Each structure stands twice: as C-alpha cells, then as structure tokens.
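**Q** just a sequence and a predicted model for now, questions to come.
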Amino acid sequence: MNRHWLMLAAIGGGSGVALGAFAAHGLRASMSSAYLDVFQTGVHYQLAHSLALLALSGYSEQLGKLGKWAGWAFVSGVLLFSGSLYLLTVLAIPKLGMITPLGGLAFLFGWICLFMAAWRKAE
C-alpha cells in the first residue's frame, strides 16, 4: 500500500466533506443557488477522485509509473477543477472558470493512465 496516495485520499476526502458542509450550512444564505450548485460540483468531483486515490493507494506498486501518473493527475485535477470552482463561487470571479477545463483534462488523463496501466498488467 502506498501511504502517500492514502494520505492524499484522506486529506481530499476529509476536506471534501468539510467543504460540502460549509457550502450547505455556511454559504447557503450568502450565495446564489446557481453558484451553490457550482461549488457542490467541485465537492462532488473532489470526493469522487479522493476515492479513486484511495483505491490507487492499494494498487500503485503493481501499476508502476502509469499508476503514479494517474495519482498525480487526480491530485492536479482536484486542485485545478474543484479549486477553481471553489474560488470562482466564493470570490465571484467568473474568469476563474477558464481554469476548470484544465482540471477536467487532468482527471481524464488520470483515468487514461489507469486504463493503460491495467491494460499493460493484463499482458
């Protein structure tokens, strides 16, 4: 088991839960429902990819370099995708949304790396 991926999964999961609660209880009165939905989208993707990191922590040694790339892509995706959505909504700066697709690409790259690692493992 890779403790670094496990620790990052724990940080991502715990902070995702905290941010979700913050949005539901602390931001509801001060943020439009549209922005609240955008914030919750960031939370959703952060939690989903924290679970992916959790799974990766148990298999990373078997997946080699592609597994590491997948993990770093997931971490980068959370920072760019979810982070930009959090900042966009809290600071009300719509231009921050231009960063979000980069995070989405990082997520996709991570899933492609994971697929390729699994494909190579089958050979």
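**A** Cool, got the structure.
**Q** residue contacts, residue 115?
**A** Applying Cβ atoms under 8 Å, 6 or more residues apart in numbering to residue 115 gives no contacts. (Each C-beta comes from the backbone N, C-alpha and C, glycine too.)
**Q** what do you get if the cut-off is 10 Å, keeping everything else the same?
**A** By Cβ atoms under 10 Å, 6 or more residues apart in numbering, the residues touching residue 115 are 66, 70.
**Q** same check on residue 118?
**A** Residues in contact with residue 118 (Cβ under 10 Å, 6+ apart) are 59, 62-63, 66-67, 70.
**Q** repeat the analysis, applying 8 Å as the threshold.
**A** The neighbours of residue 118, taking Cβ under 8 Å, 6+ apart as the test, are residue 63.
**Q** ok, now which ones touch residue 121?
**A** Residue 121 neighbours (Cβ under 8 Å, 6+ apart): 62-63.
**Q** which strands or helices does the strand or helix carrying residue 37 pack on?
**A** According to DSSP states H and E, residue 37 maps onto helix 33-77. If contacts are counted by 3 or more Cβ pairs under 8 Å, 6 or more residues apart in numbering; DSSP states H and E, helix 33-77 sits against helix 3-22, helix 83-91, helix 100-122.
**Q** angle of the last one against helix 83-91?
**A** So the one you mean is helix 100-122. Orientation check (axes from the mean of the first three to the mean of the last three Cα atoms, to 10 degrees): helix 100-122 against helix 83-91 gives 160 degrees.
**Q** what mean pLDDT does stretch 59-79 have?
**A** For stretch 59-79, the mean per-residue pLDDT is 94.
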